[in-house]
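Student: I need the structure of the sequence given here:
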Amino acid sequence: MIIKELNGVKPQFGNDCFIAENAVIIGQVTMGDQCSIWYNAVIRGDVHYIKMGNKVNVQDGAVIHATYLKSPTNIGNNVSIGHNALVHGCTIHDNVLIGMGAIVMDDCIVESNSIIAAGAIVTQGTHIKSGSIYAGVPAKKIKDISEELISGQIDRIANNYVKYAGWYK
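Tutor: Take a look at the predicted model:
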């Protein structure tokens, strides 16, 4: 793994985190407890800060970045960022699933209990209200989320990634 101090700032990690051997974490990055950063993931806090809560999983090939002096990245608790997703200069609240290959651009807000579908592109400044599912290019609301999806997808995936990380420790 590459964990790099930049401009005198080192990444900060909570308890019980898993970082894959080839993950890259640079600069102003803070993460909570039980996070997992998977293979080829990049979290680059070089131009602005990146804050992650507890039980966040950043899956293989995902990239988290920000915009210089303008748009930091804030990620809440119990968030799954799917394989090859891009999360850039935005705010992701608690209990969110960002699907595989999705892109969430600068100044977006994704409120709690929401799903961004695989391959969706959430364009700059979009505000996704709590309990929504967004899909497509550009991403649009396709429906309200059900309790079954909250427990069956959002919670299940976040909890499974805590379990998977335990296999690697």
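Student: The spatially most central residue of the chain pairs with what?
Tutor: With distances taken as Cα atoms, centre = their mean, I81 lies nearest the centre of the chain, 4.2 Å away. Using DSSP bridges, the bridge partners assigned to I81 are V58, I98.
Student: show me the contacts for it.
Tutor: 56-59, 62, 64, 75, 87, 98 (Cβ atoms under 8 Å, 6 or more residues apart in numbering). Where C-beta positions appear, they are placed from N, C-alpha and C, glycine not excepted.
Student: ok, 7 Å please
Tutor: Contact analysis of I81 by Cβ atoms under 7 Å, 6 or more residues apart in numbering lists 57-59, 62, 87, 98.
Student: Can you name every helix or strand that the longest helix anywhere in the chain contacts?
Tutor: Ranked by residue count under DSSP state H, the longest helix found in the chain is helix 156-168. When contacts are defined as 3 or more Cβ pairs under 7 Å, 6 or more residues apart in numbering; DSSP states H and E, helix 156-168 packs onto strand 79-81.
Student: So which elements touch the helix or strand that the strand it packs on is followed by?
Tutor: Using DSSP states H and E, the helix or strand that follows strand 79-81 in sequence is strand 86-88. Under the contact definition 3+ Cβ pairs under 7 Å, 6+ apart, strand 86-88 sits against strand 63-65, strand 103-104.
Student: Most tightly packed of the ones you listed?
Tutor: Highest mean neighbour count of the helices and strands packed on strand 86-88: strand 103-104, a mean of 26 (counted as mean count of other Cβ atoms under 10 Å).
Student: Name the residues of the least confident helix or strand in the chain by mean pLDDT that are buried.
Tutor: Here the helix or strand of the chain ranked lowest by mean pLDDT, DSSP states H and E is helix 147-149, holding a mean of 82. The neighbour-count check on helix 147-149 (16 or more other Cβ atoms under 10 Å) flags L149 as buried.
Student: Need the residues that contact that helix.
Tutor: Contacts of helix 147-149 (Cβ under 7 Å, 6+ apart): I115.
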